[in-house]
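Asker: Take this sequence and fold it.
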Amino acid sequence: AKNYQLERKAQLDSKLSKIKYQNGAQRAENQRSSKELSIRHRELLDARGRSERSRKNISRFEAKMKRAIGVARLLPAFQNRVEAACIKLNESVTRMNFLKG
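Answerer: Sure, this is the predicted structure:
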């Protein structure tokens with residue numbers, strides 16, 4: 001009976017040793033995975049930040065383009081007004097020269 005108990009204790013000690021080894025290996029794997037997750041999380045946050053900045057820059061650029069297009073659409077009308085004013089000035093100068101004799 002005593003021999004059986006010693007054998008049983010040796011088997012249990014062996015099992016406990018294997019379980020401790022597996023536990024240590026699993027703990028090491030968990031630490032490695034945790035570090036990897038942390039790195040990938042930082043990369044994700046960095047990518048999100050860059051994405052946000054890009055979106056803001058695109059919005060700013062789009063607003064500038066819309067303003068430029070608006071100005072470009074107004075230019076022909078202003079050009080017509082300037083040309084009309086030049087024609088009137090030329091007519092006035094011609095009339096004044098005619099009156100001066």
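Asker: now Arg42: how far from Arg48?
Answerer: Per C-beta to C-beta, to the nearest Å, Arg42 is found 11 Å from Arg48. (Each C-beta comes from the backbone N, C-alpha and C, glycine too.)
Asker: Likewise for Leu89?
Answerer: Leu89 sits 60 Å away from Arg48, going by C-beta to C-beta.
Asker: Likewise for Ile69?
Answerer: 31 Å.
Asker: What of Pro76?
Answerer: Note on Pro76: its distance to Arg48, by C-beta to C-beta, is 44 Å.
Asker: could you give the mean pLDDT of the helix or strand hosting Arg81?
Answerer: Applying DSSP states H and E as the criterion places Arg81 in helix 2-100. Computed over helix 2-100, the mean pLDDT rounds to 93.
Asker: roughly how far out does it sit from the chain middle?
Answerer: Centroid separation for helix 2-100 versus its chain: 0 Å, with C-alpha atoms, centre = their mean, to the nearest Å.
Asker: For that helix, which helices and strands make contact with it?
Answerer: Packing contacts for helix 2-100, counted by 3 or more C-beta pairs under 8 Å, 6 or more residues apart in numbering; DSSP states H and E, involve no helix or strand.
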